[in-house]
Every structure is written in structure tokens, then in C-alpha cells.
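Asks: using only what follows, build the 3D model:
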Amino acid sequence: MAKDQRRSAGPARSRPGRLLAGAALVMTLVVLAGVLIATRGTDGADEVAAGEPTSTSGPQPAAGERHGTTSSAVTSTTAPDESTTTETEPPVEVAPTTAPPAATPPARPPATAHPPQAAAGPIPYVPPGGIEPYRGLGVWLDVLDWSPSYTNGSARVRPAAVDRMADLGVQTIYIQTSRFNRAEDIIDPAILGQFIDGAHARGIRVVAWYMPTHEDHETDVRRLIAAANLPVDGVGVNIESQNQPDIALRNQRVLDLSHRLRQATTKSMSAVVVPPVVTEVLNRSYWPDFPWRQLSGTYDVWMPMAYWSNRTPDSGWRDGYRYIAENTAMIRTLTGRPDAAVHPVGGIADEVTVADVDAMALALRDTGAIGGSLYDYATTGDALWPSLHNFRR
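Replies: Model (predicted):
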């Protein structure tokens with residue numbers, strides 16, 4: 001009974017008082033709501049409003065990554081602890097004592113140095129031993145012409161003939177030094193020496209030549225080195241023998257022989273070759289895959305045996321101009337050297353006419369050949385010499 005009395009003993013509240021109390025409560029709640037929103041920030045409100053996922057499943061932005069244009073990434077609906085941050089704090093900068101320099105673009109990595117560009121046009125080929133011995137008008141002598149021991153003392157051309165050659169305008173003598181069926185590396189060296197000395201005395205150059213068979217490889221190499229060691233101006237390798245039937249082995253031996261000869265001498269070297277019109281057009285089985293390009297850096301001069309006299313009129317190749325010009329052009333293409341030095345050896349001398357030789361002389365001029373010759377001296381008739389003078393350089 002006493003509790004009821006205390007409850008009713010207080011003064012009674014009027015209606016206006018209750019309204020004022022309610023309004024104050026509403027204002028308090030509004031203020032609290034504002035504080036809560038300010039505490040959470042606007043980012044969370046924006047993301048929730050935009051429908052962004054609020055769970056932590058799936059790929060999340062990396063720490064410090066910006067989402068949108070201004071807001072930080074939020075990974076849950078719970079407001080982040082204000083004492084932590086997902087962004088790295090910037091380093092403290094020391095104020096400069098002077099005005100800052102003008103802004104410069106960031107340094108680029110150094111560019112790779114490039115070699116200077118070569119001048120326009122192909123790089124000229126410089127032959128290892130030079131080409132001078134092969135310039136101009138040449139004549140050919142084989143052992144059947146000059147060797148007394150090979151011909152049983154009946155050689156048609158003797159050392160005294162060198163004077164006549166000089167008088168006819170000959171500039172180089174190409175002389176064979178031995179043959180596959182002889183035991184000697186150098187045949188009749190004393191007589192051979194007379195030819196060499198007589199030629200030099202008259203201002204004529206001498207090129208020693210030999211035909212390897214590619215059967216006894218070491219003998220071939222030894223004989224060519226012996227020829228190069230003579231007091232001559234150059235050495236010619238007559239590359240035409242088919243005695244070695246294994247073509248791959250034949251090619252390998254040609255390459256090895258040529259390389260070893262080049263290592264053994266600094267003298268001018270010439271490749272006396274089957275003409276490419278034969279090997280590449282008329283008879284591809286004669287010497288398939290001939291290593292033209294592999295040999296191009298070894299030899300100073302190319303001497304195709306361009307005997308148009310061996311061709312038939314119906315073939316279209318029995319033409320002193322066409323056969324010389326086509327073979328010269330093909331050698332330069334096959335060797336990859338458009339400026340290769342070429343000295344064509346024309347037809348068999350006693351089977352060609354003055355008109356043929358005149359045509360060859362024109363082809364030599366038009367193709368820029370360094371010289372020319374017929375095979376051989378012993379079979380060259382007197383009527384051909386005026387035309388042969390046009391081979392001189």
C-alpha cells in the first residue's frame with residue numbers, strides 16, 4: 001500500500017510537456033544517426049547503393065588498388081577500423097632549400113647501338129690472291145704439247161716458242177705440271193723451268209695447272225701444292241674429272257683440296273671448271289650439286305671451259321657469243337658473286353672460225369671478263385691471231 005502512494009504523489013504532467021519531451025527525443029535520434037553516417041563515411045553507402053557485392057568471396061582488389069575514380073575498395077559491410085589503412089603511406093619529403101629544377105621526362109633505357117650502315121650496293125669481292133695473272137690473252141699447254149718424257153721426245157712446243165708467243169701478244173701461259181698417270185708430282189722440271197724463266201724474261205706470266213682425279217686424294221693435294229711452289233704467278237685447278245663415281249665424296253674432296261691449297265699458298269688460284277650451261281642445263285647428271293657457292297671465297301678467278309665448238313648447231317649453243325656470255329653470267333649467279341672475275345676458255349682452236357673468235361671477243365667485252373683464251377696454243381692457226389688480240393687487257 002505504501003508503493004502506490006509514492007507513485008501517485010508526484011505532480012501530474014500536462015499534454016504540452018509530453019510533446020516537448022517527444023520532440024527532444026526525435027532530435028537526439030537524428031543527431032545520433034548523422035554521427036553514425038559520418039563515422040562510416042560515404043564510400044560504403046555509395047557501394048551498397050550501387051549494388052556491389054558485400055561478401056569476401058571471389059577476386060578482391062589488391063591492397064591499395066583504387067576502385068572507380070575516388071573511392072577505396074571495400075570488402076565487407078563492416079566499416080573499416082579507422083586506425084588502419086589499405087594504402088601505403090607516402091614517404092616524408094624534405095623541403096628543398098632551393099627552387100626545384102624544371103620537370104624532366106623519365107630516363108629511357110639506353111638504345112642498342114647499331115653498326116653503321118654499309119654503303120649502297122654489293123660489297124666488292126676482293127680475291128685472296130689477286131687476279132692479275134689471268135688478265136688478257138692467254139695460251140694453254142698440256143703435257144702432250146711440251147713434255148719430252150711424256151711424248152717420247154716428240155713434243156711439238158719447246159721453250160724457244162715462248163719468244164713467238166710474246167711477239168703474238170700473249171700475256172699468260174697456262175702450263176700443265178703433271179698428269180694422273182705419271183709418278184712424278186712435277187714432270188720434266190728442268191724443261192718446265194725453261195718455259196717459266198723464258199716467259200718471265202719476256203714479261204709473260206705463268207700459271208701452273210693440274211687435273212685432280214679425286215681418287216687418290218692426298219696425291220691430288222700434294223701435286224697441286226707442288227705446282228703452287230714453283231716460281232709461277234698462279235695455280236689452276238682443273239675440276240672436271242669424273243673418275244670418282246661417288247658424287248658426294250667427289251664434292252667433299254674438291255672442297256677439302258681447294259681449302260688446303262689456299263692454306264698452302266698466297267698465289268693466285270683459278271678454278272678451271274666444266275661450264276655451268278653443261279652442269280645446270282644440258283647434262284645435269286655430269287656433276288650434280290657442284291659446290292659453286294662453297295668454293296666462291298676460295299678461288300680468285302673462274303675459268304669455264306666454254307667450248308662452244310663441242311655443241312651442235314641445232315642446239316643453239318654453237319655460238320661464240322652466246323656460249324661465253326651465258327656461262328659467264330651463270331657463274332656469277334651460282335657463286336653469289338656478281339663481280340666474280342671470269343676468264344673464259346673458248347672452243348678447241350682448230351675447230352673454230354675467225355667469226356667465232358670475234359664473237360667471243362665481243363662477249364668478253366660485254367660481260368666484263370678479265371681475259372680469254374682458246375684451247376690450246378699448238379692447235380691455234382695463224383688466221384686466228386688478229387682476232388685473239390682483242391682478248392688483251
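Asks: all the strands of the stretch 151-300 of the chain, residue numbers only.
Replies: 172-176, 205-210, 234-239, 268-273 (DSSP state E, counting those that start in this stretch).
Asks: out of those, which comes closest to Val254?
Replies: strand 234-239 (6.1 Å; Cβ to Cβ). Placement of C-beta: from N, CA and C, glycine included.
Asks: now do the closest one: everything it contacts.
Replies: Residues outside strand 234-239 that contact it (Cβ atoms under 8 Å, 6 or more residues apart in numbering): 129, 133-134, 174, 205-212, 224, 227-228, 254, 257-258, 261, 265, 267-274, 299-300, 303.
Asks: also stretch 286-301?
Replies: So stretch 286-301 is contacted by 127-131, 134, 234, 237, 242, 247-248, 250-251, 254-255, 258-259, 262, 268-271, 273-274, 276, 278-279, 331, 334-337, 340-343, 370 (Cβ under 8 Å, 6+ apart).
Asks: show me where the chain dips below the pLDDT cut-off.
Replies: 1-125 (pLDDT under 70).
Asks: mind doing that once more with 50?
Replies: 1-21, 23, 25-26, 28, 30-31, 33, 35-121 (pLDDT under 50).
Asks: that one: helices as residue ranges?
Replies: Here the chain has its helices, by DSSP state H, at 2-8, 15-40, 42-49, 143-146, 161-167, 189-201, 217-228, 247-264, 276, 292-295, 320-335, 354-367, 385-388.
Asks: give the other helices and strands that the last one contacts.
Replies: Based on contacts counted as 3 or more Cβ pairs under 8 Å, 6 or more residues apart in numbering; DSSP states H and E, the elements that helix 385-388 packs against are helix 354-367.
Asks: now the helix it packs on - C-alpha only, CSV.
Replies: What follows is helix 354-367 as a C-alpha-only set of coordinates in CSV (Å, rounded to 0.1, in the frame of the first residue of the first chain):
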residue,chain,number,x,y,z
VAL,A,354,87.6,-16.2,-137.2
ALA,A,355,83.9,-15.1,-136.9
ASP,A,356,83.6,-17.4,-133.8
VAL,A,357,86.6,-15.8,-132.1
ASP,A,358,85.4,-12.3,-133.0
ALA,A,359,82.0,-13.1,-131.4
MET,A,360,83.8,-14.4,-128.3
ALA,A,361,85.8,-11.2,-128.1
LEU,A,362,82.6,-9.2,-128.1
ALA,A,363,81.1,-11.4,-125.3
LEU,A,364,84.3,-10.9,-123.2
ARG,A,365,83.8,-7.1,-123.5
ASP,A,366,80.1,-7.1,-122.9
THR,A,367,80.3,-9.3,-119.8
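Asks: buried sites along it?
Replies: Of the residues in helix 354-367, 356-361, 363-364, 367 count as buried by neighbour count, 16 or more other Cβ atoms under 10 Å.
Asks: now do stretch 295-302
Replies: Quick answer for stretch 295-302 (16+ other Cβ under 10 Å): 295-296, 298-302.
Asks: likewise stretch 277-290?
Replies: Going by neighbour count (16+ other Cβ under 10 Å), the buried part of stretch 277-290 is 277-280, 287, 290.
Asks: CSV for the residues you listed, including distance to Glu326?
Replies: Converted to CSV, the buried residues of stretch 277-290 look like this (distance: Cβ to Cβ, whole Å):
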residue, distance to Glu326
Val277, 6
Val278, 11
Thr279, 13
Glu280, 10
Trp287, 18
Phe290, 16
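Asks: let me know the closest of the residues you listed to Asp350.
Replies: Nearest to Asp350 among the buried residues of stretch 277-290 is Val278, at 21.3 Å by Cβ to Cβ.
Asks: excluding chain neighbours, give the residue nearest to that closest one in space.
Replies: The shortest distance from Val278 to any non-neighbouring residue, by Cβ to Cβ, 6 or more residues apart in numbering, is to Tyr286 (5.9 Å).
Asks: next: Glu326.
Replies: Val277 is the one closest to Glu326 (Cβ to Cβ, 6+ apart), at 5.6 Å.
Asks: and what of Ser296?
Replies: Thr335 (3.9 Å).
Asks: equivalent analysis for Pro386, please.
Replies: Nearest one to Pro386, counting by Cβ to Cβ, 6+ apart, is Val354 at 8.0 Å.
Asks: so what's that neighbour up against?
Replies: Neighbour list for Val354: 383-384, 386-387 [criterion: Cβ under 8 Å, 6+ apart].
Asks: ok, back up a step: just give me the closest of the buried residues of helix 354-367 to Ile196.
Replies: Leu364 (26.5 Å).
Asks: the residue nearest to Glu326 touches Trp317, doesn't it?
Replies: Yes: using Cβ atoms under 8 Å, Val277 is in contact with Trp317, at 6.7 Å.
Asks: what do those two both touch?
Replies: Tyr323.
Asks: how far away is Arg135 from Ala383?
Replies: Here Arg135 is placed at a distance of 25 Å from Ala383 (Cβ to Cβ, to the nearest Å).
Asks: comparing these two, which residue is more hemmed in?
Replies: Arg135 (19 against 10; other Cβ atoms under 10 Å).
Asks: what about Val162, how many neighbours?
Replies: Counted with other Cβ under 10 Å, Val162 comes out at 23.
Asks: ok, the one 5 residues further on next?
Replies: The local packing of Asp167 (other Cβ under 10 Å) involves 9 other residues.
Asks: who's in contact with Ala264?
Replies: 225, 228.
Asks: got it, and Val342?
Replies: Applying Cβ under 8 Å, 6+ apart, the residues contacting Val342 are 301-304, 328, 331-332, 367, 369-370.
Asks: how much space separates the closest residue to Pro127 other than its chain neighbours from Val207?
Replies: Excluding the flanking residues, the one nearest Pro127 by Cβ to Cβ, 6+ apart is Asp300, at 3.5 Å. For Asp300, the distance to Val207 (Cβ to Cβ) stands at 11 Å.
Asks: for Pro288, same thing?
Replies: Taking Cβ to Cβ, one finds Pro288 at 29 Å from Val207.
Asks: now Pro148
Replies: Distance from Pro148 to Val207, by Cβ to Cβ: 21 Å.
Asks: now do the contacts for the nearest residue in space to Gly198 that is not next to it in sequence.
Replies: The spatially closest residue to Gly198, leaving aside those adjacent along the chain, is Val162, at 4.0 Å (Cβ to Cβ, 6+ apart). Contact partners of Val162, counting by Cβ under 8 Å, 6+ apart, are 173, 195, 198-199, 202, 204.
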